[in-house]
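A.B. asks: quick one: sequence plus predicted model below, questions after.
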Amino acid sequence: MRSVLMLSSLALMAFACRTQVDTAVEDSDTPDTGPDPQDTAGPEQIPGVPGRMDDPVPPMGTARLDCDFAPLDEPKIPCLFEVRDHSDAIIYEGWAGVERRGRSSLDFPKAQYLVELWRDAAVLVAPGSSWRYLAAGATPAGDWTEANFDDESWSEGAAPLGYGDPGLGTTLERGAGEQELTSWFRRVFVVDDPSTWTRASLALQRDDGVVVYLNGVELLRDNLPDGEITPATPAVGALGADYELEWLPFDVPLGMLMAGTNVLAVELHQAGSESTDLRFDLRLDARGADRDGDMFGMGAEEDWILNGNWVDRAHFRNKLCYDLFQSFGGVPARYAPEQVFVELEIDGDAVGIYTLGEPVKSDFARLDLGEGSFIVKSDDRASPLVSNRVGYGDWVLVHPHGDDASDAELQRATAWLEGWQDAVVAWNYDAEDGIFAWMDMDSAIDFVLIQEFAKNTDAYTLSVHLWRDGDGLLHLTPWDLDLSFGYPVDDCGHEGWNRRQEWVYAMADHPVFSDALAARWRDLRQDAMSDDTVLDWMARYREVIEPSLAANAERWPIDEITFEWGGSDYLCPVESYDDEQERIEAWAIDRLAWMDANIDTF
């Protein structure tokens, strides 16, 4: 391996030194005003992009999650979260909301988690809790949704409750004929002081339709018609096997919770008397305010990502591309998420090497965007802000987040995106209303170069993040490059350009863009993207993760790591982590040489 001394000096040059932030947790109700203006250490920050870590590749840290049950897709469940640095000093210790995330990684054995730091939290009703139930074939007498209802004559059992499904805690008896359509469930729980919480959330598994009452008031109904519901009311439709196991999330108005005894009452309806299975489970959580924590000098923030990088057997594909992109500089300076390697433990189970890092969002410690700004990403499984007319999926709003966006902000973001898309569709390069009157060309060039260097399969299709700061132009930030550096493709080769979308074809056809792209590439190859620099980054990562590789390999044998699609495994064949390290290093050097020879053809 090459010396890492060169990288250390590069890191000091390429990354703006960050004013050291005390690792103690900051309360989110304290305004985040940024570094002390009297502190003159380090270079002046470029507006729009925060400072970066002093050392982009610190030694391996550790992280631990202790949860009452396995994190779901959504909503977030309360867990105790602890992070320590390489010297075993505590960086964060406290509550966090945790959910599995990632479009394709939800089914990976080594998952990806979104972690939101909280001041406090409580599990009011846990999955698998014990419920009073009245199985199909009988009807409750009296107001069974009220807290003072006497349910002593009802049966009791642990969730999931139902029949015909695997993994049930309690198997119910089936009724006969029309009476088997409906079953009833009740659970009493205690809340000390609901005024201490800022949000409550409920999630449930149901097959098929459900009505949930909280303290006698209907809280929600799903897959049932409007109007009066009787025991003979069938669900609107039968759910497939996947939907039966899905946890359906809902917000719970805090005003519906009472100090003292509360009761959840649920009626579950089948779509028809011929149904052969039934399933019900429910969880209810409450949480306090967000809580900022500074992880390894990445800045005080509440939102973090724990990424298992399942398909990335080298463990650093994303981090390498993010670090390189930041080192490109530019005005404004190139932003990409920061990450730190950690060993993760979940409920006492050591689950190997992870990265703890930033999601793309607007905040002083991330993308420090001004008023009127927005961030969108391309996606095909979320509610769209704007239809993607120049690529795949839709443009989904990341910032402002959800209900926080005003009509004026939504209209502003929509107008800018549609103006840019109109220019792309027309392949318009006019100075007044062409593509680069809406998008920053330099940012687009650097984004294209890092995607092409990695030969990222999803480069221009999914996870594309566009952002606009105030009255500026659109910029691009890389995200999610694990399917890169030779896979998933059939030959694992280093040649050829990425598959493109309309917005990339339109830019590439403009001689000014293509000439500038080639010139920028040749300039970067002198320093930030030289063979030695790229290999030095890889050597530094390897130095950090080396002591943890054996334990990770024991937990996740490399021959069991697959990325299957259509019955084929698209990962390049390797026999060990050393093989993967050698392969990715050789691949990167071959790719750099290929781009040198072909950059004028892009």
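C.D. replies: The structure has been received and is ready for your questions.

A.B. asks: going forward, measure contacts between C-alpha atoms and count neighbours the same way
C.D. replies: Noted.

A.B. asks: count the residues that sit near Gly348.
C.D. replies: 10 (other CA atoms under 10 Å).

A.B. asks: equivalent analysis for the one 4 residues further on, please.
C.D. replies: Residues contacting Gly352 under the criterion other CA under 10 Å number 20.

A.B. asks: host element of it?
C.D. replies: For Gly352, the host element (DSSP states H and E) is strand 349-357.

A.B. asks: which neighbours does that strand have in its sheet, and in what orientation?
C.D. replies: strand 303-307 (antiparallel), strand 339-346 (antiparallel) (DSSP bridges).

A.B. asks: now whatever helix or strand comes next after it: mean pLDDT?
C.D. replies: Downstream of strand 349-357, the next assigned helix or strand under DSSP H and E is strand 374-379. For strand 374-379, mean pLDDT is 95.

A.B. asks: other SSEs contacting strand 374-379?
C.D. replies: Helices and strands touching strand 374-379, by 3 or more CA pairs under 8 Å, 6 or more residues apart in numbering; DSSP states H and E, are strand 394-399, strand 465-468.

A.B. asks: could I get those strands as a markdown table with mean pLDDT, mean neighbour count and distance to Trp304?
C.D. replies: Shown next, in a markdown table, are these (pLDDT from 0 to 100; neighbours: other CA atoms under 10 Å; distance: least, CA to CA, whole Å):
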| stretch | mean pLDDT | mean neighbour count | distance to Trp304 |
| --- | --- | --- | --- |
| strand 394-399 | 94 | 23 | 15 |
| strand 465-468 | 97 | 24 | 17 |
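
A.B. asks: okay if I get those as JSON lines plus distance to Ala551?
C.D. replies: Output for the helices and strands packed on strand 374-379, formatted as JSON lines (distance: least, CA to CA, whole Å):
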{"stretch": "strand 394-399", "distance to Ala551": "36"}
{"stretch": "strand 465-468", "distance to Ala551": "35"}
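
A.B. asks: just the element for the residue of the chain positioned farthest from its centre, please.
C.D. replies: Most distant residue from the mean C-alpha position of the chain: Ala141, 46.3 Å away (CA atoms, centre = their mean). Assigned by DSSP H and E, Ala141 falls within no helix or strand.

A.B. asks: same question, the one 5 residues further on
C.D. replies: Element membership of Glu146 [criterion: DSSP H and E] is none; it lies in no helix or strand.

A.B. asks: what's the closest non-adjacent residue to Val123?
C.D. replies: The shortest distance from Val123 to any non-neighbouring residue, by CA to CA, 6 or more residues apart in numbering, is to Asp285 (4.6 Å).

A.B. asks: the strand or helix carrying the one you found pairs with which strands?
C.D. replies: Element membership of Asp285, judged by DSSP H and E, is strand 278-287. Applying DSSP bridges to the sheet, strand 278-287 is found paired with strand 121-125 (antiparallel), strand 161-163 (antiparallel), strand 199-207 (antiparallel).

A.B. asks: tell me which of the helices and strands packed on strand 374-379 sits nearest to Asp590.
C.D. replies: Nearest to Asp590 among these is strand 465-468; the distance by CA to CA comes to 28.1 Å.

A.B. asks: where's the residue lying closest to Glu418 once chain neighbours are set aside relative to Thr461, distance?
C.D. replies: The shortest distance from Glu418 to any non-neighbouring residue, by CA to CA, 6+ apart, is to Val386 (7.8 Å). Computed as CA to CA, to the nearest Å, the Val386 to Thr461 distance reads 15 Å.

A.B. asks: how is this protein carved up into domains?
C.D. replies: 5-102+292-533+586-601, 124-287 (automatic domain parsing).

A.B. asks: to Val574, which of those domains lies closest?
C.D. replies: Ranking the domains of the chain by distance to Val574, with CA to CA as the measure, places domain 5-102+292-533+586-601 first at 9.5 Å.

A.B. asks: name the residues that touch stretch 487-500?
C.D. replies: 452, 455-457, 459-461, 485-486, 563, 570-572, 587-588, 590-591, 594, 602 (CA atoms under 8 Å, 6 or more residues apart in numbering).

A.B. asks: how many residues are close by Tyr335?
C.D. replies: 26.

A.B. asks: assumed Ala336 was part of a helix.
C.D. replies: No - counting by DSSP: H, G, I helix; E, B strand; the rest coil, Ala336 falls outside a helix, being coil.

A.B. asks: ok, now which ones touch it?
C.D. replies: Ala336 makes contact with 322-323, 325-326, 360, 477-479 under the criterion CA under 8 Å, 6+ apart.

A.B. asks: grab the most central residue of the protein for me.
C.D. replies: Most central in the chain (CA atoms, centre = their mean) works out to Arg101, at 4.5 Å.

A.B. asks: distance of it from Asp379?
C.D. replies: Distance from Arg101 to Asp379, by CA to CA: 13 Å.

A.B. asks: need the longest helix for this structure.
C.D. replies: Across the chain, the longest stretch assigned as helix under DSSP state H is helix 531-555.

A.B. asks: buried residues, it. List them.
C.D. replies: Across helix 531-555, burial judged by 16 or more other CA atoms under 10 Å covers 531-542, 544-545, 549, 552-553.

A.B. asks: stretch 576-591 too?
C.D. replies: Neighbour-count burial for stretch 576-591 flags 577, 580-581, 583-585, 587-591 (criterion: 16+ other CA under 10 Å).

A.B. asks: next, format these as CSV and append secondary structure, distance to Gly330 and pLDDT.
C.D. replies: Listed next are the buried residues of stretch 576-591 as CSV, based on DSSP: H, G, I helix; E, B strand; the rest coil; distance: CA to CA, whole Å; pLDDT from 0 to 100:
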residue, secondary structure, distance to Gly330, pLDDT
Tyr577, helix, 35, 91
Glu580, helix, 33, 94
Gln581, helix, 30, 93
Arg583, helix, 31, 94
Ile584, helix, 28, 95
Glu585, helix, 27, 97
Trp587, helix, 27, 96
Ala588, helix, 24, 97
Ile589, helix, 25, 98
Asp590, helix, 26, 97
Arg591, helix, 24, 98
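
A.B. asks: tell me the one of the residues you listed nearest Val448?
C.D. replies: Nearest to Val448, judged by CA to CA, of the buried residues of stretch 576-591 is Arg591 at 14.5 Å.

A.B. asks: what number of residues lie near the closest residue to the closest one other than its chain neighbours?
C.D. replies: Counting by CA to CA, 6+ apart, His494 is the residue found nearest to Arg591 once chain neighbours are left out, at 5.2 Å. Residue crowding around His494 was assessed by other CA under 10 Å; the count is 22.
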